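Engineer: Here's a sequence, model it:
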Amino acid sequence: MPTSKRLGAPLIVVFGIIAAMVAFAVPADAAPYTTQPTTSVSNQTPAAGSAVTFCGQGFLPGETVSIALDNGTRYPSVTTDTSGAFCSTVVLGATLTGTHVLTATGQTSGRTSSTEIRVAGVSASGGTTGGLAFTGAAVIGIGALGGLLLVGGVTMLLAGRRRKVEA
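Structural biologist: Numbers count the residues shown, from 1 in each chain. Predicted coordinates for the structure are as follows:
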């Protein structure tokens, strides 16, 4: 077999692999860097009627932050310090039970952060709330690319072998 034909087949395979990689490529989009606010509570499982310390950071310095519970209860607003952090004591209702979300919203920036709490006294029906967090990636494109690379490698290996010439 002439050298040009022997080298041509692997080059075609390589160009096919490159074309497949370009076809599966996804444009990158990076969001501009901003500090996201975070919040936390002193006790994730408080009893109904108890008080928890609700703290946050990542808001604007000196910003007024409103605090609310997902059932419509509003707490007094607080002002952040020079680093954009705050702490406030929140008293939960005596009849409040179940899973709830405390949310802090900056009045100037509009930034929000939430923290979930589970108030003791949940009904006997129990059960799980929510689902599992998504921690994976879309693997179909990556898997297809890996398969194409394997097929291309085997093809190049077979094309590169010398063949016995019968005389």
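
Engineer: Show me which residues of the helix or strand of the chain with the lowest mean pLDDT are buried.
Structural biologist: Between all helices and strands in the chain, the lowest mean by mean pLDDT, DSSP states H and E belongs to helix 3-24, at a mean of 75. Across helix 3-24, burial judged by 16 or more other CB atoms under 10 Å covers 10, 13, 17, 20. From N, CA and C alone the C-beta is placed, and that goes for glycine too.

Engineer: Over to stretch 68-76?
Structural biologist: So, applying 16+ other CB under 10 Å, buried residues of stretch 68-76: 68-69, 75.

Engineer: Tell me which helix or strand residue 141 sits in.
Structural biologist: Taking DSSP states H and E as the criterion, residue 141 maps to helix 140-160.

Engineer: Packing partners of the helix or strand following the least confident helix or strand of the chain?
Structural biologist: Later in the chain than helix 3-24, the nearest helix or strand by DSSP H and E is strand 38-41. For strand 38-41, the elements it packs on are strand 51-57, strand 98-106, strand 112-119, judged by 3 or more CB pairs under 8 Å, 6 or more residues apart in numbering; DSSP states H and E.

Engineer: would you turn these into CSV with mean pLDDT and mean neighbour count?
Structural biologist: Below are the helices and strands packed on strand 38-41 laid out as CSV (pLDDT from 0 to 100; neighbours: other CB atoms under 10 Å):
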stretch, mean pLDDT, mean neighbour count
strand 51-57, 92, 19
strand 98-106, 92, 18
strand 112-119, 90, 17
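
Engineer: and those as a markdown table, adding distance to residue 139?
Structural biologist: Below are the helices and strands packed on strand 38-41 laid out as a markdown table (distance: least, CB to CB, whole Å):
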| stretch | distance to residue 139 |
| --- | --- |
| strand 51-57 | 35 |
| strand 98-106 | 32 |
| strand 112-119 | 30 |
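
Engineer: Tell me which of the ones you listed lies nearest to residue 37.
Structural biologist: Evaluated over the helices and strands packed on strand 38-41, closeness to residue 37 peaks at strand 112-119, with 4.2 Å, by CB to CB.

Engineer: Look at residue 1 and report its pLDDT.
Structural biologist: Listed pLDDT for residue 1 reads 55.

Engineer: I meant residue 38, not that one.
Structural biologist: 91.

Engineer: Next, give me the two most distant ones among the buried residues of helix 3-24.
Structural biologist: 10 and 20 (15.4 Å).

Engineer: what are the C-alpha coordinates of the least confident helix or strand of the chain, in CSV please?
Structural biologist: Output of helix 3-24 as CSV, limited to C-alpha atoms (Å, rounded to 0.1, in the frame of the first residue of the first chain):
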residue,chain,number,x,y,z
THR,A,3,2.6,5.6,2.0
SER,A,4,0.1,8.4,1.0
LYS,A,5,-2.9,6.1,1.4
ARG,A,6,-1.5,4.6,4.6
LEU,A,7,-1.2,8.1,6.2
GLY,A,8,-4.4,9.4,4.7
ALA,A,9,-6.8,7.1,6.6
PRO,A,10,-5.6,8.1,10.1
LEU,A,11,-5.6,11.8,9.1
ILE,A,12,-9.2,11.5,8.0
VAL,A,13,-10.1,9.9,11.3
VAL,A,14,-8.3,12.6,13.3
PHE,A,15,-10.1,15.3,11.4
GLY,A,16,-13.4,13.5,12.0
ILE,A,17,-12.6,13.4,15.8
ILE,A,18,-11.8,17.1,15.7
ALA,A,19,-15.1,17.9,13.9
ALA,A,20,-16.9,15.8,16.5
MET,A,21,-15.3,17.7,19.4
VAL,A,22,-16.3,21.0,17.8
ALA,A,23,-19.9,19.7,17.3
PHE,A,24,-20.2,18.8,21.0
